[in-house]
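>>> Based on what follows, work out the 3D shape:
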Amino acid sequence: MIITLNNMDDFYRFQFDHDEMFNAVDDTGFYGLDASFGMFRLNQYGLDHGINAVTIDGNFNRRVEMYSSDGFSPRELKIFVSLGDCCECYMQSIGQRILLSPNKVIIYFAEDVSGYTRAQAASFKGVSVNVSLESVQSLIENYQCKALERLLSPAFLNIPRSFFHVVESTEEMTAIAHQMMFCSSERLSDTLKYRDLGWQLISLALEALIPKPRCSGRMSRADISKIHRAREILFDRMESPPSLIELAREVGLNDFKLKQGFKEVFNQTAFGCLHRQRMEKARTILLEQRGQIITAASEVGYQNHGHFSVAFRKYFGITPSAYLKLTQ
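Next comes the predicted model:
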């Protein structure tokens, strides 16, 4: 194992060998690390041919950056459900910072996982269900899922490309991940239960990834266009959005049809869409304008930055100031 520890930007930096970790997990189903900054455990369980699940449990006594310059992962589609505190992950092959928070599921492919994971708080926990690319292709062919094939196609190129998708974690996904985190696989009944939970999680995550039909046929094209226009208005005026009745009048719909239309077209309420856009825009502003929490709050429609901080933490699981430290 290659270990380098130093103090940089208030993060305790730890360099580890990805190959050693993957080899240990393949050989024994377990990888463990105990160091002055805390502990880190991985347990791997086979579910079916080409499919496995990994539980990750880390507890740190200080801010830690775990990084590597070399790391080649198995050729798998990974579905990761975060259950601990927020952390930031950066993989060079993907080239983007990914915020892992308890209400998010990350679906990604990356053969080269060189980069870092920064843990701001004490707990880094999650469950990853990993499906070999051959098994993914088999699923796509068996169920003739063209939408899924298009979304995952970069992994099947002659020279595969890394990618990631983020979906909202439902209560059901989170509950399944918690069960997998603490489920034993020592007995046959437990093993079968674990396999069933893994397949449920795969199914729910891929279902969330596939775009839903935008309407049931009860709405005209003109009405659907008005719903899209209403969302544009909300996003353009997020600093001071119109009320639902004002919005309905502006686009030429009654408020009941507008409410039903948002749920049917976007699978969210009008102000659910607005809230999600506000939080994502605020995160972008914080990254681009370091330390400007009040500016970010104001630009997304919060006059009270305390209320903004509460909303940001509820959505991402971390306060804006802690997020800024995490992304230094």
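>>> For D34, give its distance to W199.
For D34, the distance to W199 (CB to CB, to the nearest Å) stands at 33 Å. The way it works is simple: take the backbone N, C-alpha and C, and place the C-beta from them, glycine included.
>>> In terms of neighbours, single out the busier of these two.
W199 (15 against 9; other CB atoms under 10 Å).
>>> Q92 against F72, yeah?
No. Using CB atoms under 8 Å, Q92 makes no contact with F72, being 12.0 Å away.
>>> Between those two, which contacts overlap?
D112 (CB atoms under 8 Å, 6 or more residues apart in numbering).
>>> and the host helix or strand of I79, which strands flank it?
For I79, the element it lies in under DSSP states H and E is strand 76-82. Partners of strand 76-82 in the sheet, by DSSP bridges, are strand 104-109 (antiparallel), strand 123-132 (antiparallel).
>>> Centre of the chain to the longest one, how far?
Okay, so that is strand 123-132. Remark: strand 123-132 is offset 11 Å from the chain centroid, using CA atoms, centre = their mean, to the nearest Å.
>>> Run the angle between the following helix or strand past it and strand 123-132 for me.
On the C-terminal side of strand 123-132, the closest following helix or strand by DSSP H and E is helix 133-143. Helix 133-143 and strand 123-132 are oriented at 60 degrees to each other (axes from the mean of the first three to the mean of the last three CA atoms, to 10 degrees).
>>> right, and the helix or strand after helix 133-143?
helix 146-152.
>>> Any buried residues in that following helix, and which?
148, 151-152 (16 or more other CB atoms under 10 Å).
>>> now swap in stretch 255-264 and tell me
257-262, 264.
>>> can you pull the contacts of L151?
165, 209-210 are the contacts of L151 under CB under 8 Å, 6+ apart.
>>> Please report the number of neighbouring residues for D27.
9.
>>> That one should be in a helix, yeah?
Yes. Checked against DSSP: H, G, I helix; E, B strand; the rest coil, D27 lies within a helix.
>>> coming back round to it: can you pick out the most distant pair from the buried residues of stretch 255-264?
Farthest apart among these by CB to CB are L258 and E264. That separation is 10.8 Å.
>>> Check what pLDDT F182 gets.
F182 is assigned 73 on the pLDDT scale.
>>> List the residues that contact it.
Here F182 is in contact with no residue (CB under 8 Å, 6+ apart).
>>> Just the buried subset of the contacts of L151, written out for ChimeraX, thanks.
Buried residues among the contacts of L151 (16+ other CB under 10 Å), as a ChimeraX selection:
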select :209
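>>> Save the contacts of L151 as TSV, and put in distance to R283 and secondary structure too.
Shown next, in TSV, are the contacts of L151 (distance: CB to CB, whole Å; DSSP: H, G, I helix; E, B strand; the rest coil):
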residue	distance to R283	secondary structure
H165	17	strand
L209	21	helix
I210	25	coil
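>>> Just name the closest of the contacts of L151 to R278, please.
Taking the contacts of L151 together and measuring to R278 by CB to CB, the closest member is H165, at 21.1 Å.
>>> And that closest one, how close does it get to L152?
9 Å.
>>> same question, S298
Taking CB to CB as the measure, S298 and L152 are separated by 39 Å.
>>> what's the answer for E207, then?
Taking CB to CB, one finds E207 at 14 Å from L152.
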